[in-house]
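In: Have a look at this prediction, sequence included:
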Amino acid sequence: MKNIFKSKITWAVVAILALGGGGFYYYKQSKANEVTYKRLPIKKGDIEVTILATGTVQPENRLEIKAPVAGRMEQVLVREGQKVTKGQIIAIMSSTERAAMLDAARAKGAEEYKRWAELYLATPIMAPINGTIILRSVEPGQTFTTTDAILTMSDRLTVKAQVDETDIAQIKLKERAEIVLDAYPGEKIKATADQIAFDSKTVNSVTTYLVDALPAGKTPDFMRSGMTANVTFFVQDKKDILVVASEALKVQNGKTYLLVQGPDGRPQSREVKIGISDGKFTEILEGAEEGEVAMVAEVKLSSGKPGGSNPFSPFGKGPGSSRKSGGGSGSPPPR
């Protein structure tokens, strides 16, 4: 009987210790997994919304120059990259008949050749438009037909940028843009949105529209047809507006919320109305005032590593930034 009593006491002690140990462990874990708050100012700043797109440098109008008759090239008076004006003589050719007569006359002597050359003049080829020679296909002495392109020229170079259909409504003609070529990453070329295609293209199952980004002023000499380019379209710009870091905003059931530091230093959930966003910062239209402080809950795990947002937060994930064509570009932090 005494042994049974001792056994019951022993198991009771074990149970109490187990419960106590578990409670201590839970308490220790709860203390370790502390919720801390990062404080972010609600203040005036500037936001610039951009759309990024990739594209290729192409001539706006590419024109192949062909001879009116088959023949032989006598002189090519221009080089690739040279700018020409409409009506300028860019090459001189002989028809097949003239070339044959001159060859026969040359065999009879210089005087005979000179007489026939003056009697049957060579045919000049003139530039049909103002532009740049981008390809020289025939050299002096070569023969050609009427289907062969002698020279190729373009009037001006533009970047054909692929813009996602979800972003196309934000781009307006004559809007400011910026071109950066992969070959010259340190050079920023000022441009404007010159044309928006009416017909779409499908790239990797994504519907896109081509938007022409036309360099403003003189086209840089280093810009070449076929180069890959990144284009930034500046679609919205607001200055001196109320902003907060986008990470402080949370969305639940279609509404946007913000944790604002109360008078006692504790967070208070507040519904807000938001405006434009560049991904990093978001405009606050209603629900908060300049000088207030937003709070972002962070959980520190017992391992010492950050555990992300508070799992007991009364609302879900943040709004994030809108999808861009090939990425987005944030403006500098608020003032």
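Out: Yep, that arrived. This structure is a prediction, so every number in the text was calculated from the model and none was measured.
In: The spatially most central residue of the chain bridge partners, please.
Out: Geometric centre of the chain, nearest residue: residue 52, 2.3 Å, by C-alpha atoms, centre = their mean. On the basis of DSSP bridges, residue 52 is bridged to residue 232.
In: ditto for the one 4 residues further on
Out: Each beta-bridge partner of residue 56 is listed here, defined by DSSP bridges: residue 160, residue 228.
In: Could you report the pLDDT at it?
Out: According to the prediction, residue 56 has pLDDT 97.
In: May I ask which helix or strand of this protein has the lowest mean pLDDT?
Out: Least confident helix or strand of the chain, by mean pLDDT, DSSP states H and E, is helix 2-32 with a mean of 46.
In: Isn't the residue nearest to the centre of the chain up against residue 230?
Out: Yes. Counting by C-beta atoms under 8 Å, residue 230 is a contact partner of residue 52 at 6.6 Å. C-beta here means a position set from N, CA and C on the backbone, and glycine is covered the same way.
In: Please name the residues that touch residue 85.
Out: Listed by C-beta atoms under 8 Å, 6 or more residues apart in numbering, the contact set of residue 85 reads 127, 130.
In: one more time with 6 Å, if that's ok
Out: Contact analysis of residue 85 by C-beta atoms under 6 Å, 6 or more residues apart in numbering lists residue 130.
In: That one and residue 64, how far apart?
Out: For residue 85, the distance to residue 64 (C-beta to C-beta, to the nearest Å) stands at 19 Å.
In: which residues in the stretch 1-150 of the chain form strands?
Out: 34-41, 43-59, 62-66, 71-76, 83-84, 89-95, 123-126, 131-136, 143-144, 149-154 (DSSP state E, counting those that start in this stretch).
In: Count residues in the vicinity of residue 293, would you?
Out: 19 (other C-beta atoms under 10 Å).
In: Could you list everything residue 281 pairs with in the sheet?
Out: Beta-bridge partners of residue 281, as defined by DSSP bridges: residue 245.
In: distance of it from residue 178?
Out: To residue 178, residue 281 is 20 Å away according to C-beta to C-beta.
In: same check, this time on residue 200
Out: 24 Å.
In: who has more neighbours, the two?
Out: residue 178 (17 against 12).
In: Spit out the contact partners of that one.
Out: 188, 232.
In: Please repeat the previous calculation with a cut-off of 7 Å.
Out: 188, 189, 190, 191, 232 (C-beta atoms under 7 Å, 6 or more residues apart in numbering).
In: give the contact list for the second one.
Out: Spelled out, that is residue 189. Contacts of residue 189 (C-beta under 7 Å, 6+ apart): 178, 179, 215, 220.
In: Please give me every residue in contact with the closest residue to residue 294 other than its chain neighbours.
Out: Among residues not flanking residue 294 along the chain, residue 248 sits closest, at 4.0 Å (C-beta to C-beta, 6 or more residues apart in numbering). The contact partners of residue 248, by C-beta under 7 Å, 6+ apart, come to 40, 258, 294, 296.
In: give me the number of residues near the third one?
Out: Looking back up the chat, that one is residue 294. Count around residue 294 with other C-beta under 10 Å applied: 24.
In: Might one say that residue 188 is in contact with residue 177?
Out: No. Contact criterion C-beta atoms under 7 Å: residue 188 and residue 177 do not qualify, at 10.7 Å.
In: Give me the more crowded residue out of those two.
Out: Taking neighbours as other C-beta under 10 Å, residue 188 and residue 177 compare with residue 177 leading, 28 against 12.
In: Which helix or strand lies directly C-terminal to the one helix or strand the more buried one maps to?
Out: Assigned by DSSP states H and E, residue 177 belongs to strand 176-181. Next helix or strand after strand 176-181 toward the C-terminus (DSSP H and E): strand 184-196.
In: What residues of the following helix or strand past that next one count as buried?
Out: Downstream of strand 184-196, the next assigned helix or strand under DSSP H and E is strand 201-203. When burial is assessed from 16 or more other C-beta atoms under 10 Å, strand 201-203 yields no buried residues.
In: how about the contacts of residue 178 in TSV, adding distance to residue 69 and pLDDT?
Out: Formatted as TSV, the contacts of residue 178 follow (distance: C-beta to C-beta, whole Å; pLDDT from 0 to 100):
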residue	distance to residue 69	pLDDT
188	48	96
189	42	97
190	45	97
191	42	97
232	49	97
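In: quick one: which of these is nearest residue 107?
Out: residue 189 (56.2 Å; C-beta to C-beta).
In: May I see the domains of the protein written out as residue ranges?
Out: Under automatic domain parsing, the residue ranges defining each domain of the chain are 51-58+156-237, 63-154.
In: Can you lay out these as TSV showing distance to residue 45?
Out: Shown next, in TSV, are the domains of the chain (distance: least, C-beta to C-beta, whole Å):
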stretch	distance to residue 45
domain 51-58+156-237	12
domain 63-154	43
